[in-house]
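# attaching a predicted model along with its sequence, questions to come.
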Amino acid sequence: MDSLAEAVVAGAAPERLEQEPLPAHYTAAHTRAEEADIFGDAQDRDVRKSLHVGAVPMPSLAPDEVLVAVMASSINFNTVWSATFQPVSTFDFLKRYARQGGHAARHDLPYHVLGSDAAGVIVRVGEGVRRWRTGDHVVASCTHVDDQEPATHSDGMLGAEQRIWGYETNFGGLAHYTVVRASQLLPKAPHLTWEEAASMPLCAGTSYRMLVGEHGARMKQGDIVLIWGATGGLGAYAVQLVKNSGGIPVGVVSSDAKAELLRRLGCEVVINRAEIGMGGDGAPSPEQTIELGKRLGRAIRRELGEDPHIVFDFTGQATFGSSVFVVRRGGTVVTCGSSTGYQHSYDNRYLWMNLKRIIGSHSANFQEASECNRLASLGRLQPVLSAVHPLDDVAEATRQVQLNRHVGKVGVLCLAPEPGLGVTDAARRARIGEDRINPMRQPAAATA
């Protein structure tokens, strides 16, 4: 560990951090451009073959950027995409960004440092940064925008130059250091540990925009919300947001163990996929889609007496047709992804004849991320960590996410030497209650 990193871990004062020299290289999880074709036609694109942890050169800072010493990060599915080079190689994103010239050109490198979550300590600020100082404890929103683009000032997600940091940019958060724009930073919740705080921004912010934000479903009190994959990172935050709003979450899971975990999270209605005859992740036939939708609708009405107002769908091909079918007349299907396939098929009669809506949603703009971070800081939104790995084991951690062998979020310790560090407001943590924080930590058997 370099002397600056040692000072950060020791909790040194900002003045000491500024005096310590920047290392010429730092440790980071990365992929290599030369291996973009490593998998060929293989069906199983095992990320453990393409994810590397090792030294990479320290980049320079643009005037609007900060350098953060990363204490912890987490695994998101975009790390799987990067490491499998699918649906496109993320090196293509880096080349496209670099064509802007200037500081953007730094991103086109023969390696890609991954990771779209981070919690850590600011160690350097660009000359144009006004609101942040060395020594501040921060988390990073993954939304990387061009603040000189007009659309960004309406909604950061509408800008043509909006990117996901650590996926469509270089120098991501699965590393000892990361480069982020000042417009990505939010104050770390002081009652959370580094790994807890790092597990929240991307998934919690995405769920917030989908359900709560004005660009999403605009959930209201009493709404019934069907949540596919409710024990995943996105789904577990969605359950909490629905509960907080006075709504009724309906979670869909794939095992009895996950069903029990979901009940611990506070989900009132839990449906096991096997109960409605839903098998694998492949695309169902039109007949199967409607039949599954009917079974799902009956199961929900049996428990609640009515159909869902909103369906929260990020699984895509395997579920989308049933989502459109099962949501009530005038209801909303909101989608932010397609983990089982991008080609969605549904019977459009059930959409137009019943005045339903489909809303596409992506990440969260800075205001939405800030509002979500406020909920975390107030203890109204809890982290959903289920496991924590050291940075050296990032490939295995990502493999667990690739195979869907996890629940909630999988954390990664970067500079933090052990879990449980980073709490600066122990009194607030005690008031919230240790038993309420991380409700998804459980024995490994519960992830089956």
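That came through, no problem.
# how about low-confidence regions in the chain?
Scanning the chain with the threshold set as pLDDT under 70 gives 280-281, 442-448.
# now the helices for it?
Using DSSP state H, the helices of the chain run over 3-9, 14-19, 77-84, 90-98, 194-198, 201-211, 233-244, 256-265, 286-304, 320-326, 349-352, 366-378, 394-402, 426-432.
# what sits closest to Cys414 if chain neighbours are left out?
Closest residue to Cys414 apart from its sequence neighbours, by C-beta to C-beta, 6 or more residues apart in numbering: Val70 at 4.2 Å. C-beta coordinates here come from the backbone N, C-alpha and C atoms, glycine included.
# state the distance from that neighbour to Ile122.
Per C-beta to C-beta, to the nearest Å, Val70 is found 11 Å from Ile122.
# more crowded one of those two?
It is Val70, of Val70 and Ile122, that has more neighbours when counted by other C-beta atoms under 10 Å, with 32 against 23.
# list the residues that contact that one.
Ala118, Ala119, Gly120, Gly173, Leu174, Ala175, His176, Tyr177, Thr178, Cys414, Leu415 (C-beta atoms under 8 Å, 6 or more residues apart in numbering).
# what's the closest of these to Cys267?
Closest approach between those and Cys267, by C-beta to C-beta: Ala119, at 26.8 Å.
# that closest one and Asp136 touch, don't they?
No: using C-beta atoms under 8 Å, Ala119 makes no contact with Asp136, being 11.6 Å away.
# which of these two has more neighbours?
Higher neighbour count among Ala119 and Asp136: Ala119, with 32 against 18, using other C-beta under 10 Å.
# please list all residues in contact with the nearest residue to Ser377 once chain neighbours are set aside.
Take Ser377 and drop its neighbours on the chain: the residue closest to it by C-beta to C-beta, 6+ apart is Ala189, 4.2 Å away. Counting by C-beta under 8 Å, 6+ apart, Ala189 touches Val139, Ala197, Asn373, Ala376, Ser377.
# do Leu4 as well
Counting by C-beta under 8 Å, 6+ apart, the residues that Leu4 touches are Leu17, Glu20, Pro21, Leu22, Pro23, Ala69, Val123.
# return the member of those nearest to Gly40.
Of all the contacts of Leu4, Gly40 sits closest to Pro23, with 36.6 Å by C-beta to C-beta.
# okay, now the closest one: neighbour count?
Using other C-beta under 10 Å, Pro23 has 17 other residues around it.
# do the same with the one 4 residues further on
The local packing of Thr27 (other C-beta under 10 Å) involves 21 other residues.
# begin at 168 from now on, thanks
Yes, from this point I'll number from 168; that puts the last item at Thr194.
# which residues touch it?
The contact partners of Thr194, by C-beta under 8 Å, 6+ apart, come to Val220, Gly221, Ala222, Val223, Ala342, His343, Leu558.
# now do 6 Å
By C-beta atoms under 6 Å, 6 or more residues apart in numbering, Thr194 lies in contact with His343.
# could you pull out the strands for the stretch 468-615 of the chain?
Taking DSSP state E, counting those that start in this stretch to define them, one finds strands in the stretch 468-615 of the chain at 477-480, 499-502, 524-527, 552-557, 576-580.
# just put the ones you listed in a markdown table and tack on mean neighbour count and distance to Asp259.
What follows is the strands of the stretch 468-615 of the chain, written out as a markdown table (neighbours: other C-beta atoms under 10 Å; distance: least, C-beta to C-beta, whole Å):
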| stretch | mean neighbour count | distance to Asp259 |
| --- | --- | --- |
| strand 477-480 | 30 | 27 |
| strand 499-502 | 24 | 24 |
| strand 524-527 | 14 | 22 |
| strand 552-557 | 22 | 28 |
| strand 576-580 | 28 | 25 |
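# export these to TSV and tack on distance to Gln510?
Shown next, in TSV, are the strands of the stretch 468-615 of the chain (distance: least, C-beta to C-beta, whole Å):
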stretch	distance to Gln510
strand 477-480	14
strand 499-502	13
strand 524-527	15
strand 552-557	31
strand 576-580	28
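# quick check: closest non-adjacent residue to Val420.
Spatial nearest neighbour of Val420, excluding adjacent residues (C-beta to C-beta, 6+ apart): Ala426 at 5.1 Å.
# whoops, Gly402 was the one
That would be Gly396: by C-beta to C-beta, 6+ apart, it lies 4.6 Å from Gly402.
# quick one on the thing from earlier: is it true that the residue nearest to Val420 touches Val436?
No: using C-beta atoms under 6 Å, Ala426 is not in contact with Val436, being 10.6 Å away.
# most surrounded residue in the contacts of Leu171?
That'd be Ala236 among the contacts of Leu171, by other C-beta under 10 Å, with 24 neighbours.
# check contacts around that residue.
Applying C-beta under 6 Å, 6+ apart, we find Ala236 in contact with Val175, Gly287, Val288, Val290, Tyr344, Leu582.
# for it, name its beta-bridge partners.
Val288, Tyr344 (DSSP bridges).
# who wins on neighbours among the contacts of Ala356?
Neighbour max across those (other C-beta under 10 Å) = Ala364, 32 neighbours.
# that residue contacts Pro357, doesn't it?
No: the pair Ala364 / Pro357 is not scored as a contact, 9.2 Å apart, by C-beta under 6 Å.
# quick one on the thing from earlier: nearest to Arg199, out of the helices of the chain?
helix 257-265 (9.2 Å).
# buried ones in that closest one?
For helix 257-265, the neighbour count (16 or more other C-beta atoms under 10 Å) marks Thr257, Phe258, Phe260, Leu261, Tyr264, Ala265 as buried.
# wait, which of those is closest to Glu442?
For those, the nearest to Glu442 is Thr257 (38.3 Å; C-beta to C-beta).
# the closest residue in space to that closest one that isn't next to it in sequence and Ala583, how far apart?
Of all residues beyond its chain neighbours, the one nearest Thr257 is Ser249 (4.6 Å), with distances taken as C-beta to C-beta, 6+ apart. Separation of Ser249 from Ala583 (C-beta to C-beta) stands at 23 Å.
# between those two, which is the more surrounded one?
Neighbours were counted for Ser249 and for Ala583 using other C-beta under 10 Å; Ser249 has more, 30 against 26.
# go ahead and confirm the more buried one touches Asp259.
No: here Ser249 lies out of contact with Asp259, judged by C-beta under 6 Å, at a distance of 11.2 Å.
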